[in-house]
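>>> Sequence plus the predicted model coming up.
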Amino acid sequence: MDFTKGELVQDFDAKRKKNEIELDDTQRCIVLRYAELHLKGKNKSFFEKKLISNIKLALANYECKLLVSRGRYEIVDFNIEDERLILYELSFIFGLHSFSVASCCKSNLNDICKTALGMYNNKNGTFKLKTNRADKSYPLSSYEISSSVGNHILQNASGSKVDLHYPKTVLNVDVRENGKVFVFTETINGAGGMPYGTAGKGLLLLSGGIDSPVAGIQVAKRGLELFAVHFWSYPYTSESAKQKVLSLVKIMSNYCPKMQLCVVSFTEIQEAIRDFCEDSYMITIIRRCMMMIAQKLAVKFGAQCIVTGESLGQVASQTLESINVTNNSIQDIPVLRPLIGYDKEEIISLAKKIGTYNTSILPYEDCCNVFHPKNPVTKPTRERAMLNQNKIPNLQQLIENAVNNAESI
Ligand code: ATP
Ligand code: MG
């Protein structure tokens, strides 16, 4: 199912904990907070540079400026009509902890009070102040700022009351070290994790199923840049199956900018496996061939690892014995299986969250289900896998051909 961007933005809006606050346009900005980077010590600037370039890339189509200061970034000078779209784009950027539409003012108490009152148009409502003071040299404590601003609001917004437990509005005051103060009422969760592209590059084995897109996003969230490979067995798997994988890549590209897909024509190898191998070992040999091709593609495209959507015990090819026999078809490259300990239900809920689920359940076949044996082995051995594999004439040549003829999209 394809959604238009408008629908997706509406859905995103609905999930936000919005309230009725109107901000003064002249001081309006979007404050961004990053996740985890403060733990990075001397390497922090490497991570920050990447995060900043990812933000700029995501907002390249909008008129706006990004200001960078210690601990906070700020988006300013944007068209107010673009605000929702910008917030929507920001929600996909790994490395951002959260963001808020805010009013920005100078750090003297009068300005803070005025700005907070300007923002608070919730007459007869309840509110609470929450102050964060990054500038430790600021002459007032957080408590003193909160109570001064709170008193100003009580005196000037008739009928309003303080409620520390269940306030209708939480007014946040964030006093920064550069003499700026942000006042805001809403905090939107970011995608979290580490900036995309800071953890090296991985080759994702992307089927059309539910699991592999989720697996990819899980490691992209830790900073791994992805490019995807799909094994396609035309005419046993259709043009629609390929289009479905393309749609998945498009959705994943929200999180993984410029993600590339490479389609490997797998028909010849699968037919050879069908013709020469024992039925029960077909899937085992298919998976070993996928891995051998994947490793060669990884070398070709400079990826340092392979990523799959396997989960322990999910199917015959994902028992510990099967994973072991799959693994030892290749050497010197790690295989990441981020979903290894996940239940299907957990994977489905992540797929829904990232937006791939409705595409993944479209009913197009995958090459793993072509010539599917009745009784696939659940405890394969390496020796018997090798015996079967060696029965295929010219397997190495078939693998080379598949790698050389892979189609980059
Ligand atoms: P699901 O289990 O939801 O059908 P899946 O993507 O996990 O989808 P499996 O048959 O369980 O499919 O395959 C295990 C893993 O092998 C996948 O997660 C994927 O990484 C890889 N894989 C399977 N088929 C393909 C394919 N046609 N192209 C690329 N990778 C594939
Ligand atoms: Mg699976």
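Sure, I can see it. Numbers count the residues shown, from 1 in each chain. Ligands and ions are numbered 1, 2, ... in the order given.

>>> what's the closest residue to ligand 1 within the chain in contact with, if anything?
Among the residues of the chain, G209 lies closest to ligand 1, at 2.0 Å counting by C-beta to the nearest ligand atom. Just so you know, the C-beta spots here come from the backbone N, C-alpha and C atoms, and that holds for glycine as well. G209 makes contacts with 309, 360, 366, as judged by C-beta atoms under 8 Å, 6 or more residues apart in numbering.

>>> Kindly indicate the member of those residues with the most neighbours.
Each of the contacts of G209 was scored for neighbours by other C-beta atoms under 10 Å, and G309 scores highest at 25 neighbours.

>>> Tell me which strands the longest strand seen in the chain pairs with, and in which orientation.
The longest strand of the chain (DSSP state E) is strand 96-106. Partner strands for strand 96-106, per DSSP bridges, with pairing direction: strand 28-34 (antiparallel), strand 180-184 (antiparallel), strand 188-189 (antiparallel).

>>> what about K44, how many residues close to it?
K44 has 13 nearby residues by other C-beta under 10 Å.

>>> Now it: phi and psi?
phi -60, psi -40 (degrees, to the nearest 10).

>>> My guess is it contacts L37. True?
Yes. Shown here, K44 and L37 form a contact pair, counting by C-beta atoms under 8 Å, at 5.7 Å.

>>> how is the protein carved up into domains?
Using automatic domain parsing, the domain parsing of the chain gives 6-189, 201-408.

>>> Specify the stretch among these that is closest to P195.
Closest approach to P195 among the domains of the chain (C-beta to C-beta): domain 6-189, 3.6 Å.

>>> near ligand 1, which residues of the chain?
205-207, 209-212, 229-231, 308-310, 314-315, 366-368 (C-beta under 6 Å from any ligand atom).

>>> Tell me which helix or strand E365 sits in.
Per DSSP states H and E: E365 is located in neither a helix nor a strand.

>>> Can you report how many residues lie near it?
Per other C-beta under 10 Å, the neighbour tally for E365 reads 15.

>>> shouldn't it be in contact with A241?
Yes. Counting by C-beta under 8 Å, E365 does reach A241; the two are 6.1 Å apart.

>>> Distance check, F227 against L90.
24 Å (C-beta to C-beta, to the nearest Å).

>>> what about the two, which has more around it?
Using other C-beta under 10 Å, the more surrounded residue of F227 and L90 is F227, with 23 against 20.

>>> for the closest residue in space to C64 that isn't next to it in sequence, what are its contacts?
The shortest distance from C64 to any non-neighbouring residue, by C-beta to C-beta, 6 or more residues apart in numbering, is to F78 (3.8 Å). Counting by C-beta under 8 Å, 6+ apart, F78 touches 30, 62-64, 86.

>>> Restrict those residues to the buried ones and give me that as a ChimeraX selection.
Applied in ChimeraX, the following selects the buried portion of those according to 16 or more other C-beta atoms under 10 Å:
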select :30,64,86
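
>>> what's the nearest residue to P235 if we skip its chain neighbours?
T267 (7.7 Å).

>>> Over to Q318?
Nearest residue to Q318 in three dimensions, chain neighbours excluded: E310, at 4.8 Å (C-beta to C-beta, 6+ apart).

>>> returning to that earlier point: in strands, which of the residues of the chain next to ligand 1 fall?
205, 229-231.

>>> Now that we have those residues, which of them are buried?
Buried among these by 16+ other C-beta under 10 Å: 205, 229-231.

>>> List the single closest residue to N327 in space, sequence neighbours excluded.
Spatial nearest neighbour of N327, chain neighbours left out: V335 (6.2 Å); criterion: C-beta to C-beta, 6+ apart.

>>> Any idea how many residues pack against that neighbour?
Neighbour count for V335, taken as other C-beta under 10 Å: 19.

>>> Next up, phi/psi of it, please.
phi -110, psi 120.

>>> That one reaches Q304, doesn't it?
No. Applying C-beta under 8 Å, one finds V335 not in contact with Q304, separated by 11.4 Å.

>>> can you list the weak-confidence ranges in this protein?
The chain contains residues with pLDDT under 70 at 1-7, 15-26, 123.

>>> Going along the chain, name the helices of it.
Taking DSSP state H as the test, the helices found in the chain are 5-15, 44-58, 83-90, 109-119, 142-156, 211-220, 239-252, 267-276, 282-301, 320-327, 344-354, 357-360, 382-390, 395-404.

>>> and those, which is most packed in?
helix 211-220 (a mean of 26; mean count of other C-beta atoms under 10 Å).

>>> contact partners of that one?
Residues outside helix 211-220 that contact it (C-beta under 8 Å, 6+ apart) are 94, 193, 196, 199, 202, 204-206, 226, 228, 248, 251-252, 255-256, 307-311, 314, 336-339, 347, 350-351, 354, 356, 360.

>>> That's all I had, so thanks and see you.
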